[in-house]
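Undergrad: This is a predicted model, with the sequence first.
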Amino acid sequence: MRSMREALAGFRRTPLLCALSIGATGLSLVILGLFGLVAHNIGGAIGDVERRVEVVGYLLDDAGPEQVGAARRELEALPAVESVRYVSKDEALERARRDLVEFSDVYGELRVNPLPASFHLRLREGFRTPETVSETAGMLAAYPFIEEARFGDEWVERLFALRSAATGIALALGGGFALIAVLLIVTTVRMAILARGEEIEIMQIVGAREGYIQRPFLLEGAVTGLAGGLLALGVTRLAYVVFPARFAAIEPLAWLPHVWTAGGVAAAAVLGLLAAAYSVHREVGRAYGPS
Amino acid sequence: MISLRNVSKAYPRSGDALRGVSFRLRKGEFAFLTGPSGAGKSTVLELIHFQTRPTDGEVQVSRYNSRRVRRRDIPALRRRVGFVFQDFKLLERLTAAENVAFALEVIGTPRREIAGRVQRLLSQVGLAARASSRPSELSGGERQRVAVARALATEPRILLADEPTGNLDPDAAGGVFELFSMLNRLGTAVLMATHDADFVRRHPDIRRLELEDGRLARDSAA
Ligand SMILES: Nc1ncnc2c1ncn2[C@@H]1O[C@H](COP(=O)(O)OP(=O)(O)OP(=O)(O)O)[C@@H](O)[C@H]1O
Ligand SMILES: [Mg+2]
């Protein structure tokens, strides 16, 4: 109660600095929040694309049915493989006729089916990395009756590179602003401590406990962080509501998972607390320490 | 009650403030701590209040020893040892009563007890009538009395005073000294640093510890 009162008194004493601290904390989290929003939604899209990453093996025409069946069971047993689909020569032709209407005449007149049968392997989530993809393709190609194994190698790698670059930029930007926010909170709390220097000295002289003296400042830091976190949440939510309305073409966006938002706000409060603890340690930590 | 054993204190830049100082102050005793500026008077008081630790030797204050004291025990020690400064260190925006109440509050005195105890403390120092005056409305002697009342808030057994009369005219100084004598008669040990030689000479019955350049040059009780 007292701590809360004193922490609020701190805000009244240096409103500009407090506003800046809250603003910077908010900004750093807004960046992370907006990225999170985009990432969360694109994450779904990337997941779709990733799920479509296939390793395809084309069979030689003379492959025997029992050979093919055995290979299929072996492939299905691989830990990285989610599913194996077998497309026979007839199915391939059927599909070619359907998909490539321009050529339907050509295919229609054929006596011999020129298309090979094929295996289509999908990989499990977590195994859709460039390495596993090419490894699996290698295994497939090793069967004597497989003529050729293919996968969108370059494309897969680019997809991953793009995603890690985007993550890196967001983390760097968010982290940069988080650092500024921490420095501002450290300064704000320091000012609060200096403004109360006389009182702190008297408290230390008459024998107040350390925790009693420090608590209001720690609370001020935590509340600053919390306010910044809530501000960021509000701004991100606003962006979430406003943007799709502007760009009606965009599909309805999904809001962030509650764990993310709660975690972000809590992290901001903890960051504020730590920044304040640093200031408190530097400014009033010596009074009872050995020296 | 207080004992310094071979205490030395060196500061990183200014060197030795104290060198091999030893003395004891018994329960309920009164002593002056004298010596020229820079002799180490304030350093001795700060060591007894555990505001700083000796570089060598040890300081013992009731059951607290400078070698073994734990950080979290220091507040309890400070409540047993009141401290009064030359410049009073009162909070200007608070009244006399509020200054005393502040000390009571920060050591966790139950709220309902505070008003009564403030009144008693102010009466004890003869300032009951000025309870609602701010420091700026009080004379130097009166301010020092408020500071003494605040120091007494924790019911200390020992009172340390660092040149408490240094900013006061002779009359006010005499008054504050009388207050210390009265508290001493009631059982509080008093260690008062002063460089007012006349003042000390006029009270030859009181023990005098004389510092010179960081050493204990003379102890009138020895
Ligand atoms: N915190 C400190 N850091 C560095 N040196 C200090 C510190 N406190 C005291 N000193 C040095 O220790 C010596 C003793 O200082 P101290 O304040 O104890 O003297 P004093 O007898 O109280 O003097 P005065 O009568 O002027 O108050 C001085 O040389 C001073 O410069
Ligand atoms: Mg001094």
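TA: Right, received. Where do you want to start? Source: prediction; values computed, not measured. Numbers count the residues shown, from 1 in each chain, chains lettered A, B, ... in the order given. Ligands and ions are numbered 1, 2, ... in the order given.

Undergrad: Pop the domain breakdown of chain A in here.
TA: Following automatic domain parsing, chain A resolves into domains at A:2-48+A:162-288, A:54-150.

Undergrad: Of these, which stretch is the most buried?
TA: domain A:2-48+A:162-288 (a mean of 18; mean count of other Cβ atoms under 10 Å in any protein chain shown). For glycine as for every other residue, the C-beta is placed from the backbone atoms N, C-alpha and C.

Undergrad: Run the chain-centre distance for it.
TA: 20 Å (Cα atoms, centre = their mean, to the nearest Å).

Undergrad: Quick check: mean pLDDT of that domain?
TA: For domain A:2-48+A:162-288, the mean per-residue pLDDT is 83.

Undergrad: wait, does that domain contact chain B?
TA: Yes. Against chain B, domain A:2-48+A:162-288 shows contacts by Cβ under 8 Å from any Cβ of the partner chain at A:198-199, A:201-210, A:212-213, A:287-288.

Undergrad: Among those residues, which ones lie close to ligand 1?
TA: Applying Cβ under 6 Å from any ligand atom, the subset of these adjacent to ligand 1 is empty.

Undergrad: remind me, longest helix of chain A?
TA: helix A:153-195 (DSSP state H).

Undergrad: Now do that one: which elements does it pack against?
TA: For helix A:153-195, the elements it packs on are helix A:2-13, helix A:15-52, helix A:130-141, helix A:210-246, helix A:258-284, judged by 3 or more Cβ pairs under 8 Å, 6 or more residues apart in numbering or on different chains; DSSP states H and E.

Undergrad: by how many degrees do the second one and helix A:2-13 diverge?
TA: Put simply, helix A:15-52 runs at 100 degrees to helix A:2-13, going by axes from the mean of the first three to the mean of the last three Cα atoms, to 10 degrees.

Undergrad: Adjacent strands (with direction) for whichever helix or strand comes after helix A:15-52?
TA: Where DSSP states H and E defines the elements, the next helix or strand beyond helix A:15-52 is strand A:54-59. Applying DSSP bridges to the sheet, strand A:54-59 is found paired with strand A:118-123 (antiparallel), strand A:146-150 (antiparallel).

Undergrad: Just the CA atoms of the helix or strand just after strand A:54-59, as CSV, please.
TA: The helix or strand immediately downstream of strand A:54-59 is helix A:65-77, counting by DSSP H and E. What follows is helix A:65-77, C-alpha atoms only, in CSV (Å, rounded to 0.1, in the frame of the first residue of the first chain):
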residue,chain,number,x,y,z
PRO,A,65,4.6,-54.5,-57.8
GLU,A,66,6.0,-56.4,-54.8
GLN,A,67,9.2,-54.3,-55.1
VAL,A,68,7.2,-51.2,-55.1
GLY,A,69,5.0,-52.3,-52.1
ALA,A,70,8.1,-53.2,-50.0
ALA,A,71,9.7,-49.9,-50.8
ARG,A,72,6.6,-48.1,-49.9
ARG,A,73,6.4,-49.8,-46.5
GLU,A,74,10.1,-49.0,-45.9
LEU,A,75,9.6,-45.3,-46.8
GLU,A,76,6.6,-45.0,-44.6
ALA,A,77,8.6,-46.3,-41.6
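
Undergrad: Pull the residues that contact helix A:65-77.
TA: By Cβ atoms under 8 Å, 6 or more residues apart in numbering or on different chains, the residues outside helix A:65-77 that reach it are A:59, A:81, A:83-84, A:86, A:117, A:119, A:121, A:139-140, A:143, A:145.

Undergrad: 10 Å instead?
TA: A:55, A:57, A:59, A:63-64, A:81-86, A:88, A:117, A:119, A:121, A:136, A:139-140, A:143-146 (Cβ atoms under 10 Å, 6 or more residues apart in numbering or on different chains).
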